[in-house]
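K.L.:
heads up, no residue letters with this:
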């Protein structure tokens, strides 16, 4: 069984920062990558960032590149999303997800991930 729990969301002013955490529990030895997604009201869930569980390579959506950074602590089964220079359009529920199957490149589609957390709300005021 895999469990993912996000935390760290909240209300922040535009230009501010937040750090999201994702605590992972379960059999991690065969995990391939972790992903961050977000979903704003009335919109589809969209890709934000991904990190390879082994090796740590990353990939970002163009909308957050240069502002967001994802990292992981394998020993603690933790994944983080550092969000800087936040904008009102970053307001959404943020989810972490894990993919347990191999893929040549880091997956960016929500259909490619196997397990999801419950999400944490991020609200950026203007």
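P.N.:
Arrived safely, thanks for sending. As the structure is a computational prediction, the values presented were derived from the model and not from experiment. Numbering: from 1, shown residues only.

K.L.:
okay, residue 53: pLDDT?
P.N.:
pLDDT for residue 53: 85.

K.L.:
State the distance from it to residue 77.
P.N.:
For residue 53, the distance to residue 77 (Cβ to Cβ, to the nearest Å) stands at 10 Å. C-beta coordinates here come from the backbone N, C-alpha and C atoms, glycine included.

K.L.:
and the residue nearest the centre of the chain, what element?
P.N.:
By Cα atoms, centre = their mean, the mean C-alpha position of the chain lies nearest to residue 36, the distance being 2.1 Å. Using DSSP states H and E, residue 36 sits within strand 33-39.

K.L.:
Show me the contact partners of that strand.
P.N.:
Contacts to strand 33-39, defined as Cβ atoms under 8 Å, 6 or more residues apart in numbering, come from residues 20, 22, 24, 45-53, 68, 70, 72, 79, 81, 90, 92-99, 103, 106-108, 110, 113, 119, 122.

K.L.:
Generate a PyMOL selection restricted to the buried subset of the residues you listed.
P.N.:
Here is the PyMOL command that selects the buried residues among those (16 or more other Cβ atoms under 10 Å):
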select buried, resi 20+22+24+45+47+48+49+50+51+52+53+68+70+72+79+81+90+92+93+94+95+96+97+98+99+106+107+108+110+113+119+122
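
K.L.:
re earlier: please state the mean pLDDT value computed over the strand holding residue 36.
P.N.:
96.

K.L.:
Neighbouring strands - and their directions - for the next helix or strand after it?
P.N.:
Moving toward the C-terminus from strand 33-39, the next helix or strand (DSSP H and E) is strand 46-52. Its sheet considered, strand 46-52 pairs with strand 33-39 (antiparallel), strand 58-60 (antiparallel) by DSSP bridges.

K.L.:
What residues of the strand holding residue 36 count as buried?
P.N.:
Under 16+ other Cβ under 10 Å, the buried positions of strand 33-39 are 33, 34, 35, 36, 37, 38.

K.L.:
Now distance to residue 4 too, for those residues, in CSV please.
P.N.:
Formatted as CSV, the buried residues of strand 33-39 follow (distance: Cβ to Cβ, whole Å):
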residue, distance to residue 4
33, 13
34, 9
35, 11
36, 11
37, 12
38, 15
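
K.L.:
Could you let me know which of those ends up closest to residue 9?
P.N.:
Comparing these against residue 9 with Cβ to Cβ places residue 38 closest, at 10.4 Å.
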